[in-house]
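K.L.:
Return a 3D structure for these sequence lines:
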Amino acid sequence: MQRIVFACACLLTVGVTFTWAQAPGSPTPEELQRSLQRRYDLVIDFSADFTHTYQGGMLRSTLVERGTVLVKKPGRMRWNYRHPEPKLYLSDGERLFSYLPEDQQVMVAQLHRDGQATTPVLFLAGAGNFVSDFTAAYDTVADAPANSYVLRLTPIRTERDFEFLTLVIDGRSLAILRLIAHDLQGGTSTFFFTNLRENVGLSDAIFAFEIPEGTEVLDTTQAEASIR
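P.N.:
Numbers count the residues shown, from 1 in each chain. All right, here's what the predicted structure looks like:
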């Protein structure tokens with residue numbers, strides 16, 4: 001089941017307090033939405049640690065995974081899952097690779113060339129647009145940090161992989177602290193980000209993926225499986 005959740009996520013614990021995102025003097029949701037897009041237009045690359053949780057939907061219990069992420073615009077990402085098992089989700093700007101080393105299997109998919117975000121995390125890599133692709137409203141989540149905004153983004157067009165997104169945004173820097181994707185099966189996939197570093201000059205070579213020898217390749221761009 002972990003394999004299924006990983007593919008869906010890449011293709012909250014309930015606390016005693018809730019943060020109401022809009023306080024007197026706060027920007028409107030639309031103003032915050034525009035400010036967020038302007039900020040991310042200036043971010044060329046970033047690195048962070050992440051915790052990824054998934055609950056509801058296809059799972060009866062909460063799945064918790066951890067790792068590191070590297071992102072470089074346009075369209076490059078490297079999600080290294082380290083716990084509880086190693087996995088790699090990588091985009092080189094043209095193709096998406098989902099690599100399960102313990103299974104010796106990699107799935108290859110084509111990255112859309114029209115700039116659309118086909119998965120929630122692709123918005124972090126510059127695909128799509130927070131303003132033109134969504135309507136915005138304030139929201140609430142459990143245990144949001146003090147001085148943060150909680151913004152719900154509902155896609156203007158129907159998306160295959162999520163119904164809407166919720167972002168927890170730092171009130172000063174407008175950095176995204178959490179990205180929460182609500183899927184059509186009732187599941188919630190949450191990414192918590194820490195140790196964020198922006199515009200560090202990441203090399204394109206970091207996002208190149210050479211398929212290991214002996215790995216089964218499920219290439220959806222060719223609709224056939226093969227062994228490398």
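K.L.:
excluding its backbone neighbours, what's nearest Ser26?
P.N.:
Once flanking residues are discounted, Ser26 sits nearest to Tyr149: 7.3 Å by CB to CB, 6 or more residues apart in numbering. The C-beta positions use only the backbone N, C-alpha and C, and glycine is treated the same way.
K.L.:
Angles on the backbone of Ala205, please.
P.N.:
With angles defined as degrees, to the nearest 10, Ala205 sits at phi -60, psi -30.
K.L.:
now it: how far from Thr140?
P.N.:
42 Å (CB to CB, to the nearest Å).
K.L.:
next one: Pro155
P.N.:
20 Å.
K.L.:
So between those two, which is more surrounded?
P.N.:
Set Pro155 next to Thr140 and count neighbours by other CB atoms under 10 Å: Pro155 wins out with 16 against 13.
K.L.:
list the contacts for that one?
P.N.:
Under the criterion of CB atoms under 8 Å, 6 or more residues apart in numbering, the contact partners of Pro155 comprise 133-134, 162, 164.
K.L.:
redo that, cut-off 6 Å
P.N.:
If you count contacts by CB atoms under 6 Å, 6 or more residues apart in numbering, Pro155 has them with Phe134.
K.L.:
List the buried residues in the biggest helix by length in the chain.
P.N.:
For the chain, the helix with the greatest residue count under DSSP state H is helix 29-41. Residues of helix 29-41 classed as buried by neighbour count (16 or more other CB atoms under 10 Å): 29, 32-33, 35-37, 39-40.
K.L.:
Let's have those residues in TSV, adding pLDDT and distance to Ser173.
P.N.:
Supplementary listing: the buried residues of helix 29-41 in TSV, determined by pLDDT from 0 to 100; distance: CB to CB, whole Å:
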residue	pLDDT	distance to Ser173
Pro29	97	18
Leu32	97	13
Gln33	96	16
Ser35	97	11
Leu36	96	11
Gln37	95	15
Arg39	95	8
Tyr40	93	12
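K.L.:
Could you dump those residues into a markdown table and include distance to Val121?
P.N.:
Formatted as a markdown table, the buried residues of helix 29-41 follow (distance: CB to CB, whole Å):
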| residue | distance to Val121 |
| --- | --- |
| Pro29 | 22 |
| Leu32 | 20 |
| Gln33 | 19 |
| Ser35 | 21 |
| Leu36 | 16 |
| Gln37 | 17 |
| Arg39 | 17 |
| Tyr40 | 13 |
